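K.L.:
no sequence for this one, just the structure:
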Ligand code: UFG
């Protein structure tokens, strides 16, 4: 039996693929390469030392997905495919609703048809919205998201809960990611943003590499340790290991379970810049600009539920994350 990994050529998906294979799972990747490259499949194969079946399909394509399910013995799905640019989702909300929601429904229908019962979903801390106190716990109310991207995550969570309610043999695990950074220790896979990075770490690594002149720090007047925004950065390999734990959980339980995947620690933008400089010896020129619309001051995860029920916790430090992000950046651009 195999795990279907949608979006398996993406930043997070590729690390999950490598981790699953290391833990003895057979993995089948589905990716339309709309925001990734087929080279990544070769890199995963190199890391794992074996071929990885890959379907270059859009998971909204129900015929292509049906063919995949007919050809492969899929007993679980990890669904990572989706559009993820927050700003673009504000400009093009229907593009996000059509793609992200339709993908999840199409996969669920194929699973139903082929008797596949385990679904692990790439959700996001963004579903906690702006009303909850920190740290976020899984029992807090969700859904007051500030953008369409976040709302697609929330709507899919709700759909999955309904699907699990309607079929008491189904198992759904919703994984709420905090801020994944870092890269695989091989430096063969990592984050490869198209164009100007939206997220902090790729902007830092590109600044260190001389591709960007100056890092813009979006605001230093938040009520935080140094006025800059605070997030819970988690190494992408730790995040990937969380998925291995979630699959194990899904094989032992039915119904829906929600887990935060974070470290439980907040780090400010300036603290991350300083940690990067310490870990790599590279200087990061920066200037403080205005706040970015939609940003929250500070949030991090309560990780006690994942620790207790998944027997998982993040192990890598901020320095590990910085070092590995930089190693991947150097491997990309020399
Ligand atoms: N930041 C800067 N300069 C930059 C980029 C970011 O100062 O060039 C700051 C932001 O203001 C924020 C922090 O760095 O304080 C982190 O920003 P990111 O863009 O890296 O991450 P976000 O927390 O904004 O977004 C992430 C994911 C989204 C997800 C969101 C909520 O990228 O997919 O968390 O969970 F929706």
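P.N.:
That came in fine, so what should we check first? As the structure is a computational prediction, the values presented were derived from the model and not from experiment.

K.L.:
Going by C-alpha atoms from here, please, whenever you check contacts or count neighbours.
P.N.:
OK.

K.L.:
which residue ranges form the strands in the stretch 151-300 of the chain?
P.N.:
171-177, 179-181, 215-218, 230-231, 233-235, 255-261, 267-268, 286-289 (DSSP state E, counting those that start in this stretch).

K.L.:
Packing partners of the fourth one?
P.N.:
To tie it back to what came earlier, the one meant is strand 230-231. strand 267-268 (3 or more Cα pairs under 8 Å, 6 or more residues apart in numbering; DSSP states H and E).

K.L.:
thinking again about what came up before, is it possible to get JSON lines of the strands of the stretch 151-300 of the chain that adds distance to the ligand?
P.N.:
Converted to JSON lines, these look like this (distance: least, Cα to the nearest ligand atom, whole Å):
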{"stretch": "strand 171-177", "distance to the ligand": "7"}
{"stretch": "strand 179-181", "distance to the ligand": "6"}
{"stretch": "strand 215-218", "distance to the ligand": "3"}
{"stretch": "strand 230-231", "distance to the ligand": "6"}
{"stretch": "strand 233-235", "distance to the ligand": "9"}
{"stretch": "strand 255-261", "distance to the ligand": "11"}
{"stretch": "strand 267-268", "distance to the ligand": "7"}
{"stretch": "strand 286-289", "distance to the ligand": "8"}
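
K.L.:
As JSON lines, those with mean pLDDT and mean neighbour count would be great.
P.N.:
Below are the strands of the stretch 151-300 of the chain laid out as JSON lines (pLDDT from 0 to 100; neighbours: other Cα atoms under 10 Å):
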{"stretch": "strand 171-177", "mean pLDDT": "98", "mean neighbour count": "25"}
{"stretch": "strand 179-181", "mean pLDDT": "98", "mean neighbour count": "23"}
{"stretch": "strand 215-218", "mean pLDDT": "98", "mean neighbour count": "18"}
{"stretch": "strand 230-231", "mean pLDDT": "98", "mean neighbour count": "23"}
{"stretch": "strand 233-235", "mean pLDDT": "99", "mean neighbour count": "26"}
{"stretch": "strand 255-261", "mean pLDDT": "98", "mean neighbour count": "23"}
{"stretch": "strand 267-268", "mean pLDDT": "98", "mean neighbour count": "20"}
{"stretch": "strand 286-289", "mean pLDDT": "98", "mean neighbour count": "13"}
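
K.L.:
so can I have CSV of those strands showing distance to residue 318?
P.N.:
Shown next, in CSV, are the strands of the stretch 151-300 of the chain (distance: least, Cα to Cα, whole Å):
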stretch, distance to residue 318
strand 171-177, 16
strand 179-181, 9
strand 215-218, 18
strand 230-231, 12
strand 233-235, 7
strand 255-261, 15
strand 267-268, 9
strand 286-289, 19
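
K.L.:
For the stretch 1-150 of the chain, which residue gets nearest to the ligand?
P.N.:
Using Cα to the nearest ligand atom, the single residue of the stretch 1-150 of the chain nearest to the ligand is residue 126, 3.6 Å away.

K.L.:
for stretch 154-170, the distance to its chain's centre please.
P.N.:
20 Å (Cα atoms, centre = their mean, to the nearest Å).

K.L.:
Buried residues, that stretch. List them.
P.N.:
154, 155, 156, 157, 159, 160, 161, 163, 164, 165, 170 (16 or more other Cα atoms under 10 Å).

K.L.:
For residue 66, list the residues it contacts.
P.N.:
By Cα atoms under 8 Å, 6 or more residues apart in numbering, the contact set of residue 66 is residue 110.

K.L.:
Give me the distance between the residue nearest to residue 169 when sequence neighbours are not counted and residue 139.
P.N.:
Residue nearest to residue 169 in three dimensions, not counting chain neighbours: residue 254, with 6.0 Å by Cα to Cα, 6 or more residues apart in numbering. From residue 254 across to residue 139, the span is 18 Å (Cα to Cα, to the nearest Å).

K.L.:
Please apply the same query to residue 234.
P.N.:
Distance from residue 234 to residue 139, by Cα to Cα: 21 Å.

K.L.:
Let's see the pLDDT reported for residue 334.
P.N.:
Listed pLDDT for residue 334 reads 64.

K.L.:
no wait, residue 194
P.N.:
Reading off the model, residue 194 has pLDDT 89.

K.L.:
Now it: closest residue in space, sequence neighbours ignored.
P.N.:
Per Cα to Cα, 6+ apart, closest to residue 194 is residue 35, 7.7 Å.

K.L.:
circling back: just want to know which of residue 254 and residue 139 has more residues nearby.
P.N.:
residue 254 (19 against 8; other Cα atoms under 10 Å).

K.L.:
close enough to count as contact, that one and residue 167?
P.N.:
No - using Cα atoms under 8 Å, residue 254 makes no contact with residue 167, being 9.2 Å away.

K.L.:
and the residue nearest to residue 169, what does it touch?
P.N.:
Contacts of residue 254 by Cα under 8 Å, 6+ apart are 164, 168, 169, 170, 171, 172.
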